[in-house]
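Q: could you look at this predicted model? Sequence included:
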Amino acid sequence: MSQDLWTKVDDYINSVAIGTDAALDAASAAAVAAQLPPISVTPAYGKLLHLMVRAQGAARVLEIGTLAGYSTIWLARAVPPGGRVITLEANAMHADIARANIERAGLTGRIEIRLGSALDTLPQLAAEKQPPFDFTFVDADRTNLTEYFDWAVRLSHPGSVIIVDNVVRKGAVIDASSEDPNVKGVRRFNDRLTSDTRVTATMMQTVSAKGHDGFAMALVL
Ligand code: SAH
Ligand code: DHB
Ligand code: MG
C-alpha cells in the first residue's frame, strides 16, 4: 500500500463519481494559483459531505475553516432553496479567494463568510441567537478543536450532525507522547468525544490523494 496507489484509486473514484465540474475545478485552480495550502477536501470527500447534508435534509449548515471555499461549494449545493451556509475563516486572503470562487459558482446568495478567528465568531453566532445548525463541518486549526466542537454542539439541535476533519493525521493520533500541537489538539478532542454525553460518535480513517487521515462523525442527542 502506498501513496501512489491511493492517489491512483482516488483519481479513479473521482472520475467515476464526480468527473469535471466547472465551478469546483475553477475553485481548485484559483487555490493553486494563489498558492494556498493544498488541504481542501478531495472531490469524493466533498461529495460525501454534500450527500450527508442532502440525506439529512439539512437547510442550515455551519463550516469552520473556509480556505478557498471548495468544501463550502459542495455544502451550499446541498441545501434547499432558502437554505444557508455560514462559513468561518480567519485569513482575509483566503476569504477573498473563497468569495470569488463562490460567486463564480453562483452561490453568493446562500453562503455567508464570517471573517475572524472562529473562537470569536462562534460566540457571536450564539449571541445573535441564530437558529440551530442542522449540519456542521469542522475543518480549521486543530489546537482549538475541542472548543470548536463544543460550540458546534451548542449551536446544534438533537439530530444535528457534526463532521470533524483530520482526526488521524497519518496515524500520529495514536502517539500519546506526541508534542505536535495538532496531534495534541486532536487527542484532546478525541478524549472529549468519548466522554461527551451530548453526542454519540465514531471515526473513520481514510486514504486518498491527500494521504492517510480520517474524520469523526457525531450525532447530537
Ligand atoms: N474546508 C476547506 C479547507 C479548510 S483549511 C476545504 O475543504 O475546502 C483550514 C482553514 O482554516 C484555513 O483557511 C485557515 O486559514 C482556517 N483557520 C485556521 N485557524 C482558524 C481560526 N482560528 N478561525 C477560523 N479559521 C481558521
Ligand atoms: C491540514 C489541514 C487540513 O484541514 C487538512 O484537511 C489536511 C492537512 C494541515 O494543516 O496540515
Ligand atoms: Mg481538513
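A: Ah, there it is. Ligands and ions are numbered 1, 2, ... in the order given.
Q: got the buried residues for the least confident helix or strand in the chain by mean pLDDT?
A: Confidence across the helices and strands of the chain bottoms out at helix 181-195, with a mean of 94, counting by mean pLDDT, DSSP states H and E. Residues of helix 181-195 classed as buried by neighbour count (16 or more other C-beta atoms under 10 Å): 182, 183, 184, 185, 186, 187, 188, 189, 190, 193. Heads up, the C-betas are built off the backbone N, CA and C, glycines and all.
Q: so what touches it?
A: Residues from elsewhere that reach helix 181-195 (C-beta atoms under 8 Å, 6 or more residues apart in numbering): 141-146, 149-150, 164, 166-167, 169, 172-173, 175-176, 178, 199, 201, 203, 216, 218.
Q: alpha carbons of that helix, as CSV, please.
A: Extracted in CSV, the C-alpha atoms of helix 181-195 (Å, rounded to 0.1, in the frame of the first residue of the first chain):
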residue,chain,number,x,y,z
PRO,A,181,0.3,20.8,18.7
ASN,A,182,-2.0,19.5,16.0
VAL,A,183,-1.8,15.9,17.3
LYS,A,184,-2.2,17.1,20.9
GLY,A,185,-5.3,19.1,19.8
VAL,A,186,-6.8,16.1,18.1
ARG,A,187,-6.1,13.8,21.0
ARG,A,188,-7.7,16.2,23.5
PHE,A,189,-10.7,16.3,21.2
ASN,A,190,-10.9,12.5,21.0
ASP,A,191,-10.8,12.2,24.7
ARG,A,192,-13.7,14.7,25.0
LEU,A,193,-15.7,12.8,22.3
THR,A,194,-15.6,9.6,24.4
SER,A,195,-17.0,11.3,27.5
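Q: next, the angle helix 181-195 makes with the next helix or strand after that helix.
A: Reading on from helix 181-195 to the C-terminus, the next helix or strand found by DSSP states H and E is strand 199-208. For strand 199-208 against helix 181-195, the angle by axes from the mean of the first three to the mean of the last three C-alpha atoms, to 10 degrees is 140 degrees.
Q: which residues are in contact with strand 199-208?
A: So strand 199-208 is contacted by 1, 6-7, 10, 42, 44-45, 153, 162, 167-168, 190, 193, 212-221 (C-beta under 8 Å, 6+ apart).
Q: measure residue 41 to residue 128 for me?
A: Counting by C-beta to C-beta, to the nearest Å, the gap from residue 41 to residue 128 is 28 Å.
Q: great, nothing more from me.
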